[in-house]
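# Could you look at this predicted model? Sequence included:
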Amino acid sequence: MADTLSALRSLMASHSPPLDALVVPSEDYHQSEYVSARDKRREFVSGFTGSAGLALVTKNEARLWTDGRYFLQATQELSDQWQLMRMGEDPAVDIWMADNLPRDSAIGIDPWCVSIDTAQKWELAFSKKHQKLVQTSTNLIDEVWKNQPPAEINPVIVHPLQYAGCSVADKLKDLRERLIQENARGIIISALDEVAWLYNIRGSDVSYSPVVHAFAIVTSNSAFFYVDKKKVSSEVNTYLEENGIEVRDYKSVSSDVALLASNQLKPSFKETEITRNGTHKAEDKNDDQIWADPGSCCYALYSKLNPEKVILQQSPLALAKALKNPIELEGLKKAHIRDGAAVVQYLVWLDKQAQEIYGASGFFSEGEGMDKKKHSKTTKLTEVTVSDKLEGFRASKENFRGLSFPTISSVGPNAAIIHYSPQAETCAEFDPDSIYLFDSGAQYLDGTTDITRTVHFGKPSAHEKACYTAVLKGHIALGNARFPNGTNGHALDILARVPLWKSGLDYRHGTGHGIGSYLNVHEGPHLISFRPHARNVPLQASMTVTDEPGYYEDGNFGIRLENVLIINQADTKFNFGDKGYLQFEHITWAPYQRKLIDLSLLAPEELEWLNTYHSKCRDILAPYVDESEKAWLKKATEPISA
């Protein structure tokens, strides 16, 4: 690590101009949350493995910014050469640089790895001391990363209409209508899931996300797909051409954006005639603007455009993709049923192992700790071996294509690390006398899943039960909400926290995120969160969103409960203001653990909700499990009385 920093600093010193600081973000050229192995530059330079964060290297300091999900993990992973900066508590990176770096400082960035939004925000912060953002021509991390993994060549796959539910032709037609509305001549699409969604293609360039490293440009009469051509088979090439999409080399996106800016970007094959209201679309004099999403389009491409002729607005595909069509919704429901069956099979297996190997009292009974005499000396379970077993149950299900994120399989104190990722060499042994939290999901051809359950196979303490019950109450309160059209996720976030706040407890993460249809497990543009940007997009019918409050006690335990919900129209008695009302439908199926619930803290309507949910769980999952698993499921979902 010391060698890396000194090599980097010597490159910074020899750069023209010499750099006073170098910013190393987590993102790739597409501002992705999860990136491929060769794009994990921030992890390489800092040693911090979390999915979110930003490293800053100056002449004599190294600092890492990350959010509340990762404070504990970063403390454990960073060497003493690094200082942790806590987002939301310490000054933001641009403020810190503006205040602490000398006047006229040169701050280096790879403009491909920084969004337009971020670059413009930093430039504004730096202007007061004449500090400047310097776009490096190469990525300096790549120059010091001797064993950087190579770029993978994985095939582009067509996503069949039976799962996509909407043709490429219809998606392009809708997109072009939006371009006309905004007087835009073309749009640059950078977000990997938006490219995949628009062209109905999938791939495996990034672990856990079935996407392809690619850009797209769509104009009023052409569509381009920028990708390593070695990934495109002749069949896929034919499919794209039939849809009026021209395949071009990944690296040529830069020169093509420059051509787009000067209105010289033309397709090689015959232009498709795009009509507006049934007549050929004439070139308007006022539609010479280019649309670029400031959150996902990189600064390198923006630099090729005339800043006075750019529409800096969220991509219209973000919302279009979030509003699931009926086939996608049906697929998501089916995928969650198979996934729920896998989770139940896992819990049955884990319950049996806890009792047989460790002599634990098990999922149902509250025995006084483990029978130490029964503890097997030869066999032991770890956080990794049990999560591998869970993956095995999922892998046996129809349409399984892999996990949707690294499984969080966490025992006791590790469960307090919000985004804990166990490693085989360092992970903890399974401990039935401690809380066990597992947050996991899968990619299926017909949908993406994400579920969290928290369980205990010994005797939970009264405090653990009280905390679990507060989380459950918040989970139920949010899931039962009814709210008028136009409500955003910022307004609803409080519902999940109030039961925790009553005892002075809280959690440092958002409460819900959208989820893709065989795409990214975290999908915008909407979310349920205390963070201000949750105000930007109202929740709408046919969106998906998670409901996942939690509570984490450093050094002791963590609790989180998570289901995926679909937003539906609500049939209310009245309709104040003619707004129309919305409600949630749970599509995740797996029981909550009865012995972790303090029933004295549940209101009668909460108990009724729990019994109704468990009854549905039993009916829906029973056909997907064997007889012994069915018996366990029946017991886990028996009606609870106060």
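Structure received.

# Now for the most centrally placed residue in the chain: which residues touch it?
For the chain, residue 522 is the residue whose C-alpha lies nearest the centre (CA atoms, centre = their mean; 2.5 Å). Neighbouring residues of residue 522 by CB atoms under 8 Å, 6 or more residues apart in numbering: 33, 513-515. Where you see a C-beta, it was placed from the backbone N, CA and C, and this is true even at glycine.

# okay, it: pLDDT?
Residue 522 carries a pLDDT score of 96 in this model.

# Distance check, it against residue 321.
Distance, residue 522 to residue 321, by CB to CB, to the nearest Å: 13 Å.

# can you check residue 167 too?
Residue 167 sits 15 Å away from residue 321, going by CB to CB.

# Comparing these two, which residue is more hemmed in?
Between residue 167 and residue 321, residue 321 has the larger neighbour count (other CB atoms under 10 Å), namely 25 against 12.

# I'd say that one and residue 197 touch.
Yes - the pair residue 321 and residue 197 qualifies as a contact (CB atoms under 8 Å) at a distance of 4.7 Å.

# Could you tell me which residues touch both of those two?
Common contacts of residue 321 and residue 197 (CB under 8 Å, 6+ apart): residue 519.

# where are the low-confidence patches of the chain?
Within the chain, the stretches with pLDDT under 70 are 1-2, 270-286, 368-377.

# any idea which helix is longest in it?
helix 326-358 (DSSP state H).

# Packing partners of that helix?
Secondary-structure packing of helix 326-358 (3 or more CB pairs under 8 Å, 6 or more residues apart in numbering; DSSP states H and E): helix 161-164, helix 383-395, strand 442-444, strand 447-448, strand 451-456, strand 563-570, helix 604-621, helix 627-636.

# Comparing these, which comes out most buried?
Most buried of the helices and strands packed on helix 326-358 by mean neighbour count (mean count of other CB atoms under 10 Å) is strand 447-448; its value is a mean of 30.

# strand partners of that strand, parallel vs antiparallel please.
Applying DSSP bridges to the sheet, strand 447-448 is found paired with strand 442-444 (antiparallel).

# Could you break the protein into its assigned domains?
By the assignment in the TED database, the chain contains the domains 1-144, 157-268+285-314, 326-369+379-637.

# how about CSV for these, with distance to residue 150 added?
Shown next, in CSV, are the domains of the chain (distance: least, CB to CB, whole Å):
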stretch, distance to residue 150
domain 1-144, 7
domain 157-268+285-314, 12
domain 326-369+379-637, 21
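
# Tell me how far residue 65 lies from residue 26.
As judged by CB to CB, residue 65 and residue 26 stand 10 Å apart.

# Could you pull out the strands in the stretch 501-642 of the chain for me?
Secondary structure of the stretch 501-642 of the chain, counting by DSSP state E, counting those that start in this stretch: strands at 512-514, 523-528, 544-547, 550-553, 557-560, 563-570, 581-586.

# Now those strands in JSON lines, please, with extra columns for distance to residue 473.
Rendered in JSON lines, the data for the strands of the stretch 501-642 of the chain read as follows (distance: least, CB to CB, whole Å):
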{"stretch": "strand 512-514", "distance to residue 473": "16"}
{"stretch": "strand 523-528", "distance to residue 473": "16"}
{"stretch": "strand 544-547", "distance to residue 473": "12"}
{"stretch": "strand 550-553", "distance to residue 473": "11"}
{"stretch": "strand 557-560", "distance to residue 473": "12"}
{"stretch": "strand 563-570", "distance to residue 473": "14"}
{"stretch": "strand 581-586", "distance to residue 473": "16"}
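
# Now do the contacts for residue 199.
Applying CB under 8 Å, 6+ apart, the residues near residue 199 are 168, 216, 223, 225, 240, 243, 245.

# what's the neighbour count on the second one?
Taking other CB under 10 Å as the criterion, the count of residues near residue 216 is 23.

# Would you mind confirming that it makes contact with residue 240?
No - with contact defined as CB under 8 Å, residue 216 and residue 240 do not form a contacting pair (10.8 Å).

# which residues are in contact with both of these two?
199, 225.

# show me the contacts for residue 162.
By CB under 8 Å, 6+ apart, the contact list for residue 162 reads residue 327.

# Mind listing what's buried along the helix or strand encompassing residue 255?
Using DSSP states H and E, residue 255 sits within helix 253-261. The neighbour-count criterion (16 or more other CB atoms under 10 Å) identifies 253, 256-257, 260-261 as the buried residues of helix 253-261.

# nearest to residue 94, of those?
If you rank these by distance to residue 94 using CB to CB, residue 257 comes first, at 25.7 Å.

# Fine, thanks again, bye for now.
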